[in-house]
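> build me a structure from this.
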Amino acid sequence: SVLDLVSFSSILYSVYPPLFLVLVVYALGGTVVSVKLGEPLVGLNFDQEKKEANFRYGLVRVRENSESIAFYGGGQNERETLRALLRSAVDNLGDILLTSRRLGFFTSYYRYLISLLPAAVIAPLYFKGDIEFGVINQSSSAFSHILGDVSLVVYEIGALAGFSAVIDRLGEF
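Just a heads-up that it's a prediction; the model follows:
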């Protein structure tokens, strides 16, 4: 993978060095933005784990103490407690979905620009007659290949945030 990255980087740099600089800036910028957009997901996923666990605990507690609850007439109180716990988990899930949607929109836009950006940077050279048309395709292919290798964080930030939340939750025990 490293050899692959180095070889395609040298191809891209030999075609047009400023395009390599555009790639580095684009990859770093995309990583920073995706980390900023995905950062709330760690806390939200952590809270979701906790809220779901609290709801499950409430259900088990009601099941185990159902006779006492019925005898003392606490059914309404327990129902309201469980509804509040469920509402909290559902509200947090809504926040997770909104944050994931924003992150998904950014990731889609980021992937879309990968196909346009190299051609936009190299096109002026083609129109001046400095390069042939095949060089545009070659540089575009190398650009997208390298960017696919270095954009792992951009593509997987949602999964990384979920994994981080689970690890944080397990660290509490």
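> next structured bit after the helix ranked longest in the chain?
Longest helix of the chain, by residue count under DSSP state H: helix 75-128. Next along the chain after helix 75-128, taking DSSP states H and E as the criterion, comes helix 133-150.
> distance from that next one to the middle of the chain?
24 Å (Cα atoms, centre = their mean, to the nearest Å).
> quick revisit: so the longest helix of the chain versus helix 133-150, what angle?
For helix 75-128 against helix 133-150, the angle between stretch directions is 150 degrees (axes from the mean of the first three to the mean of the last three Cα atoms, to 10 degrees).
> which helices and strands sit right next to helix 75-128?
Packing contacts for helix 75-128, counted by 3 or more Cβ pairs under 8 Å, 6 or more residues apart in numbering; DSSP states H and E, involve helix 17-64, helix 133-150, helix 152-171. Placement of C-beta: from N, CA and C, glycine included.
> list the buried residues of stretch 73-83.
Within stretch 73-83, the residues that qualify as buried are residue 78, counting by 16 or more other Cβ atoms under 10 Å.
> quick check: mean pLDDT of that stretch?
When pLDDT is averaged along stretch 73-83, the result is 94.
> what's in contact with it?
55, 58, 59, 62, 68, 69 (Cβ atoms under 8 Å, 6 or more residues apart in numbering).
> of these, select the buried ones using a ChimeraX command.
Here is the ChimeraX command that selects the buried residues among the contacts of stretch 73-83 (16+ other Cβ under 10 Å):
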select :55,58,62,69
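> among the contacts of stretch 73-83, which two are most distant?
55 and 68 (20.3 Å; Cβ to Cβ).
> circling back to that earlier point, want to throw the contacts of stretch 73-83 into JSON lines with pLDDT?
Shown next, in JSON lines, are these (pLDDT from 0 to 100):
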{"residue": "55", "pLDDT": "97"}
{"residue": "58", "pLDDT": "96"}
{"residue": "59", "pLDDT": "95"}
{"residue": "62", "pLDDT": "94"}
{"residue": "68", "pLDDT": "91"}
{"residue": "69", "pLDDT": "89"}
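> can you list the contacts of stretch 73-83 in JSON lines and add distance to residue 119?
JSON lines is the format used below for these (distance: Cβ to Cβ, whole Å):
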{"residue": "55", "distance to residue 119": "51"}
{"residue": "58", "distance to residue 119": "57"}
{"residue": "59", "distance to residue 119": "56"}
{"residue": "62", "distance to residue 119": "62"}
{"residue": "68", "distance to residue 119": "72"}
{"residue": "69", "distance to residue 119": "68"}
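> residues in contact with the residue of the chain positioned farthest from its centre?
Distance from the C-alpha centroid of the chain peaks at residue 71, with 49.5 Å (Cα atoms, centre = their mean). The contact partners of residue 71, by Cβ under 8 Å, 6+ apart, come to none.
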